[in-house]
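Q: next input, structure requested:
(2 chains)
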Protein chains: 2
Amino acid sequence: MSYGHWGKMLRVNLTRGSIAVEELDEAWMRKYVGGWGFIAYYMLKEIPAGIDPLSPENLLIYATGPVTGQPVAGGGRHMIGGKSPLTGGFAGSEVGGFFGAELKRAGWDMILFEGASPSPVYLYIKEDDVRLLPADDLWGMETWDVEQKIRETHSDRFIRVSQIGPAGENLALIANVVHDSNRAAGRTGMGALMGSKKLKAVAVRGSRRPPTADPDKLAEMARWFREHYQETGSGIFSTLGTNRMIRVNNGAGGLPTRNFQQGVFEGYEKICAETIMETITVRRDTCYGCPVRCKWVVKVEDEDYPVDPKYGGPEYETTAAMGCLLGIDDLRVIAHANLLCNAYGLDTIGTGMSIAFAMECFEKGLLSLQDTGGIELTFGNGEAAIAMIHKIAKREGLGDLLAQGTRRAARKIGGEAPQFTVEIKGQEVAMHDPRVKYGHGLGIAVSPTGADHMHSAHDSGYQTEAGIKDLKPLGILEPLPWDDLSAQKASMMRQVMMWRIVYNLTGICMFHAWTPQQEAKLIAAATGWNTSVMELWLAGERAYDMARAFNAREGFGAEDDMLPKRLFEPLPQGPVAGKVYSREQFLAARDVFYEMMGWDENGVPTRAKLENLGIGWVADV
Amino acid sequence: MSYGHWGKMLRVNLTRGSIAVEELDEAWMRKYVGGWGFIAYYMLKEIPAGIDPLSPENLLIYATGPVTGQPVAGGGRHMIGGKSPLTGGFAGSEVGGFFGAELKRAGWDMILFEGASPSPVYLYIKEDDVRLLPADDLWGMETWDVEQKIRETHSDRFIRVSQIGPAGENLALIANVVHDSNRAAGRTGMGALMGSKKLKAVAVRGSRRPPTADPDKLAEMARWFREHYQETGSGIFSTLGTNRMIRVNNGAGGLPTRNFQQGVFEGYEKICAETIMETITVRRDTCYGCPVRCKWVVKVEDEDYPVDPKYGGPEYETTAAMGCLLGIDDLRVIAHANLLCNAYGLDTIGTGMSIAFAMECFEKGLLSLQDTGGIELTFGNGEAAIAMIHKIAKREGLGDLLAQGTRRAARKIGGEAPQFTVEIKGQEVAMHDPRVKYGHGLGIAVSPTGADHMHSAHDSGYQTEAGIKDLKPLGILEPLPWDDLSAQKASMMRQVMMWRIVYNLTGICMFHAWTPQQEAKLIAAATGWNTSVMELWLAGERAYDMARAFNAREGFGAEDDMLPKRLFEPLPQGPVAGKVYSREQFLAARDVFYEMMGWDENGVPTRAKLENLGIGWVADV
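A: Reported below is the predicted structural model:
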């Protein structure tokens, strides 16, 4: 044990149905910290090279960080990882809510699932009472119902449930893992991985307070945050939630519209944050210990598209992926799509992107009415979109294909279809168009988890002295324009991206505008380590390089760090109309980024780099 | 202006006799911080490639840091730089005392001397009253007398003087710049550079308080240090001074003895700290604002070897270089040699090393009595050593040769002589034998200033958890044995060495055991920058890489980052007798260090690396 961690991992062998407790050493925890770091460590050590991600040899790993479950704003995050069924590479999907904190409060830092159960099970954890229980009756049920059922079974309405829905059971590669019925570890197909193990859910309950080195200091910081978050960057999420980005991105000309064919959506006013707030929002919601309350719960009383508040409300990514991306400006449809994805356990980004891709194929004649089962799969057709979500979750007809993500679907459809996919490493691009933030394109291209907006930086915000003020401690000294793609931008991206990984490692939500120094202090207060921005940054780099090394082992190379063709095409309207994101500039920035990272020309961390991070062993794996 | 700096540089053209004031921009100061950073910047920008270091085209640069002159322990350092006459490469020689703080208190961060005066001059600075004054009458005088004379001339006994002695006037390449008659910017031949400009001295007086962003915080930290320094690492220097290393190094078997032929000195008890303290010490001395008081002033009433306290007392480097290194165990001789070097303005390390080299040449028949002018130049002959110091300063006979350092002398002597030199890039190794701290060998080999113990790390101290406790914020997570030379050791060296440069940049004496976080706070309190260990570490790396880039421009390559043959020979006695420092292991560690640093196989920072540090312009120079 160390402060900030219990030093305890549950190792659950689903094949044998056995559960073991393993101790985690403090020096090891300080080195790998948590989250991605813990996940990448076990993936490299225990997943054999070249396995099918849906085979029992894969691991499913739950990891927390030293701040997860600490009584401070932002400490509600945990990560789920393993070899991604969607990309075939490293996966680590982060999620908020209450589950991670509850797991920590139950006394556990990690759960490592190995093997596969012969029949559906769920893991029940009430502190030291840890059991695998049959889930045959839960199999096939939607997420809200499962959560209720588990709570009833154990007569405890405070149980927190992490689970897959029918989509995960059906091994949809864009299936996610749902928490609290409305929070998702959405990306990289963790739902399919969990489904392949016949693990329906993890239900957890705890009441211990995780060990804190300096509770007074932590309480002081928590108090400071409660009193000041409105003045910090967190304030923007407090007032308008994540959906504020609809207006922002539309204004910049980069609101993903009609499968990234456009960046301006004529109906954006109908789906923007203000409209959502005024029309369908019933209340705000939050995660563990957080005063920001960036989440909005919605309700729609409608015959065609009813929305029950129990499934939360659409975040920006969902609003965009089910709205403008599909040419849909009907909030009822968007909110209902959100509900369906949460009920079925589908990643809203991957699902929206798959449907958008299919719509483009349909409009361009690559998919016929026969292919779609009679659905007029045109942009703007809300009914069609909703129908496709059902089909994807159930893997019916075209939905069976789309459930595998756009890369696989495009290969099957053939012809021009691969030109219409907007994905990297097989994972679809989230609702942030690099054509209005050039550095972000670099960030998602090199991300080991495929196009992933969580581990990149949104360099459109770093154009002014004010924008980079808090980044100076990371060695970023000068602001740069959004359309800069120089080596200096590559450097800026490196510094910020590695720091973003630190949020992940420590279990802090990145919407919390702690400065780097504050974050180091927060971690020091939780753990008692005399840590620094630098030690943490290096830990971020360590985790990132381990993830890259895992991918290299699985055959990934520079060709996989490539933006899709679509993003090199100019946007037709709006402020950046006609402006081209240069492929040559991108490749030059990528290559210099490799060099800055200490990676070889194929994007693989060199032995010297790994040794400099104290993980020479990774080079041997 | 910014806090911590005045934002003002004096540009003195000695050829024209003109003085100009230049403003320094705050963003520039935050990027380059001070010390080496400022010096390397101007060297790269303003010194033409390939010039003779003794030509008027060279610059002589005085630089302070943001903590120089702040009312806090350790803030008494400044740096003197330019193209080294000794190595032909980057030079930045650091020194304590009171001059740096006084320069800051006069309102100046930097002085840049260009050109060369037709006749001897000195620069007089009394705050904004800055004048070049004739120094014809001072030329040829010894340092104490010059200091007195200048003080008398201006009727101000608090004037602080930075000056060359006769050795610098005579362009001895191992001449130093003396401060307060007993502190030296010793290495890299800055005395010769100053002499070539006919600049005898810089005399400064000021009474302004340098701007401090948070005086209360700084005062609080200064108070904390005064009350706690004994408990920190600084305590060891407080009780026994630097001479404690005589016993420590002898015990380890690495006390440089008889020109590094041995590592154990049979007479070490006669010259160790305790003996110095009990026999010849009259009082302790200190630098600006420092409660540690690591310096001891000595006095010897002796006909042959009189020592006046006005010239201070021998530090460890001097005691070793004039003692065991020459086989001398007579403290009178050592203290008198120290006095002579301070009076003449000679680097005690370079001087001792040159004499030791000559003694070995003499004993091995490469120098005859005729060569030495009749001096029996054998190890242990104190009289001979003293005689040689006079000759070196005056450049008489063999002294003329030795004044140029051992590399040049060995080439002239020929035969086996180059085998007996213990230097890197033409600068002699200080009194720390890498054979008892393997990582240190790497550090001095790659140092841009030649063998320089100031910018390496003494990895013999990092063998235990306690030894690395404060280094964890730098990403050093595990202790390593002194004889480890793995890639992991190279990594440890990189992290510590770059941090050591931060001391230099900020003007903090490295004997002050501030933790990295404390140092970041100290700098934040001085400057108001929301800085971090990481930003500072990167600034250290920036300065280091600029110095390396300067050397690359001047033709330095991997072959110059080599330890001398002597250090690959086993030591004959003591705890490490017979153990070989492996050349192969050294080269492997050096190559991996290059890679970790982002240098190419020739040791030159890559463009990507420089861009990552925000100094892409250096690649163009």
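
Q: immediately after the helix or strand bottoming out on mean pLDDT in chain A, which helix or strand?
A: Sorting the helices and strands of chain A by mean pLDDT, DSSP states H and E puts helix A:235-240 at the bottom, at a mean of 84. Next helix or strand after helix A:235-240 toward the C-terminus (DSSP states H and E): helix A:244-252.

Q: list the helices and strands the helix or strand following that following helix packs on?
A: Toward the C-terminus, helix A:244-252 is succeeded by helix A:268-271 as the next helix or strand (DSSP H and E). Secondary-structure packing of helix A:268-271 (3 or more CB pairs under 8 Å, 6 or more residues apart in numbering or on different chains; DSSP states H and E): helix A:244-252, helix A:331-344. The way it works is simple: take the backbone N, C-alpha and C, and place the C-beta from them, glycine included.

Q: for helix A:268-271, list every residue counted as buried.
A: A:Tyr268, A:Lys270, A:Ile271 (16 or more other CB atoms under 10 Å in any protein chain shown).

Q: tell me the contacts of the closest residue to A:Gln495 other than its chain neighbours?
A: Spatial nearest neighbour of A:Gln495, chain neighbours left out: A:Leu474 (4.4 Å); criterion: CB to CB, 6 or more residues apart in numbering or on different chains. Contact analysis of A:Leu474 by CB atoms under 8 Å, 6 or more residues apart in numbering or on different chains lists A:Gln495, A:Val496, A:Trp499, A:Pro516, A:Val533, A:Trp537, B:Ser532, B:Met534, B:Glu535.

Q: who's in contact with the least confident helix or strand of chain A?
A: By CB under 8 Å, 6+ apart, helix A:235-240 touches A:Tyr229, A:Gln230, A:Arg244, A:Ala273, A:Glu274, A:Met277, A:Val292, A:Arg293, A:Cys294, A:Phe511.

Q: now with 10 Å?
A: Contacts to helix A:235-240, defined as CB atoms under 10 Å, 6 or more residues apart in numbering or on different chains, come from residues A:228-230, A:232, A:242-248, A:272-274, A:276-277, A:284, A:290-296, A:316, A:509, A:511-513.

Q: before we move on, back to that, just name the closest of the buried residues of helix A:268-271 to chain B, please.
A: Distance to chain B, by CB to the nearest CB, is smallest for A:Tyr268 among these, at 36.6 Å.

Q: nearest residue to the closest one in space, please, no chain neighbours.
A: Per CB to CB, 6+ apart, closest to A:Tyr268 is A:Asn250, 4.3 Å.

Q: so how far is chain B from the one you found?
A: 33 Å (CB to the nearest CB, to the nearest Å).

Q: repeat that for A:Ile523.
A: For A:Ile523 relative to chain B (CB to the nearest CB), the value is 11 Å.

Q: list the contacts for that residue?
A: Counting by CB under 10 Å, 6+ apart, A:Ile523 makes contact with A:4, A:33, A:65-67, A:70, A:213, A:502, A:505-508, A:529, A:531-532, A:535-536, A:539.

Q: can you tell me the closest non-neighbouring residue to A:Leu471?
A: Per CB to CB, 6+ apart, closest to A:Leu471 is A:Val496, 6.5 Å.

Q: would you agree that neighbour is in contact with A:Leu442?
A: No - A:Val496 sits out of contact with A:Leu442 when judged by CB atoms under 10 Å, with a separation of 11.2 Å.

Q: so between those two, which is more surrounded?
A: For A:Val496 and A:Leu442, the more surrounded residue by other CB atoms under 10 Å in any protein chain shown is A:Leu442, and the numbers stand at 29 against 21.

Q: what's the pLDDT at the more buried one?
A: At A:Leu442, the model reports a pLDDT of 98.

Q: for it, pull up the helix or strand it's in.
A: helix A:438-446.

Q: angles on the backbone of the closest residue to A:Phe593 other than its chain neighbours, please.
A: Excluding its sequence neighbours, the residue lying closest to A:Phe593 (CB to CB, 6+ apart) is A:Ala490, at 4.3 Å. Main-chain torsions, A:Ala490, degrees, to the nearest 10: phi -60, psi -40.

Q: domain ranges for chain A?
A: Split into domains by automatic domain parsing, chain A comes to A:8-205, A:241-421, A:434-511+A:532-620.

Q: tell me which of these sits nearest to B:Pro572.
A: Of all the domains of chain A, domain A:434-511+A:532-620 sits nearest to B:Pro572, with 33.7 Å by CB to CB.

Q: that older thread, may I see the helices and strands packed on helix A:268-271 arranged in TSV, with mean pLDDT as well?
A: What follows is the helices and strands packed on helix A:268-271, written out as TSV (pLDDT from 0 to 100):
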stretch	mean pLDDT
helix A:244-252	97
helix A:331-344	98
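
Q: if you compare those helices, which one is most tucked away?
A: helix A:331-344 (a mean of 27; mean count of other CB atoms under 10 Å in any protein chain shown).

Q: next SSE after that helix?
A: Following helix A:331-344 in sequence, per DSSP H and E, is helix A:348-363.

Q: give the residue spans of chain A that score low on pLDDT.
A: A:1 (pLDDT under 70).

Q: helix or strand: which one has A:Arg11?
A: Counting by DSSP H and E, A:Arg11 is found in strand A:8-13.

Q: contacts for that strand next, please.
A: A:1, A:18-24, A:38, A:42, A:46, A:56, A:59-63, A:103, A:106-117, A:121, A:123, A:125, A:128, A:130, A:132, A:197, A:199, A:202.

Q: give me the buried subset of those.
A: By 16+ other CB under 10 Å, the contacts of strand A:8-13 give A:19, A:24, A:38, A:42, A:56, A:59-63, A:103, A:106-117, A:121, A:123, A:125, A:130, A:132, A:197, A:199, A:202 as buried.
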